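Colleague: the sequence and its predicted three-dimensional model are supplied below.
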Amino acid sequence: MEHIRIETLEEFAKANSVPIMQKEGIDFLTNYIKENNIKNILEIGTAIGYSAIKMASVCDDIKVTTIEKDKSRFDLAVENIDKFNLSDRINVIYSDALTVDLTDTFDLIFIDAAKSQYIKFFEKFDKNLKINGVVVSDNLSFHGLVEDDSKTNNRNTKQLVKKIRKYIDFLKENKNYKTIFYKLGDGIALSTKIIVTSQSKCNKQSQ
């Protein structure tokens, strides 16, 4: 099987309007994986396999499980992953993520799929994330429209922006996670899973 360069995937994505993580964002993600010794990753939304390949390439003992529901993109992702000789470390599942039941636990979950379903993805796979594990969410700026939706008059786009804002509020209010928002790429959130014990709640009440 021929080997290809990562730039080839970036060029293909640009030419074919395939949404992949912006360079600033993917650099942030891969650096986080390296610096925090992340080994087991779940990705929601494979597309052509670009981010899965980038994440798995950080270190040769990283394993990625990634889910894609579009058949043509799934097929292309499998082909690309094979060309990078990563088929043994990247498991691509052809399915709707909301119907997949996984028993594995992960150090990091990367959400980069249908933005209208982010809350459902987050809640569904919460049980699969280790304590102190992180959920990384991309596209929370959505080309700047989340900050200012007056730039579009498209009704569907405005509805999508509302759902992204709702997700941002969901992250801010989630007491089981500590979320930091980064103005990198197209807007990234990093949510760390924490333990909220009954004792800590009592201590807070008594203070």
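Modeller: Arrived safely, thanks for sending.

Colleague: could I get the CA-only coordinates of stretch 20-27 as CSV?
Modeller: Extracted C-alpha coordinates of stretch 20-27, given in CSV (Å, rounded to 0.1, in the frame of the first residue of the first chain):
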residue,chain,number,x,y,z
ILE,A,20,-11.1,19.0,9.2
MET,A,21,-9.6,20.6,12.3
GLN,A,22,-7.8,23.9,11.6
LYS,A,23,-4.0,23.8,11.9
GLU,A,24,-3.9,25.9,15.1
GLY,A,25,-6.5,23.6,16.7
ILE,A,26,-4.9,20.3,15.6
ASP,A,27,-1.5,21.5,16.9
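
Colleague: quick one: low-confidence parts of this protein?
Modeller: 1-3, 143, 148, 196-207 (pLDDT under 70).

Colleague: and the helices in it?
Modeller: 6-15, 23-35, 50-56, 71-83, 118-125, 155-173, 198-206 (DSSP state H).

Colleague: of the ones you listed, which stretch is the most buried?
Modeller: Highest mean neighbour count among these (mean count of other Cβ atoms under 10 Å): helix 50-56, with a mean of 24. No exception for glycine: its C-beta is placed from N, CA and C like everyone else's.

Colleague: and that one, what does it pack onto?
Modeller: If contacts are counted by 3 or more Cβ pairs under 8 Å, 6 or more residues apart in numbering; DSSP states H and E, helix 50-56 sits against helix 6-15, helix 23-35, strand 40-44, strand 63-68, helix 71-83, strand 90-94.

Colleague: could you name the helices and strands sitting against the fifth one?
Modeller: This means helix 71-83. Against helix 71-83 (3+ Cβ pairs under 8 Å, 6+ apart) you get helix 50-56, strand 63-68, strand 90-94.

Colleague: right, I'll call it a day here.
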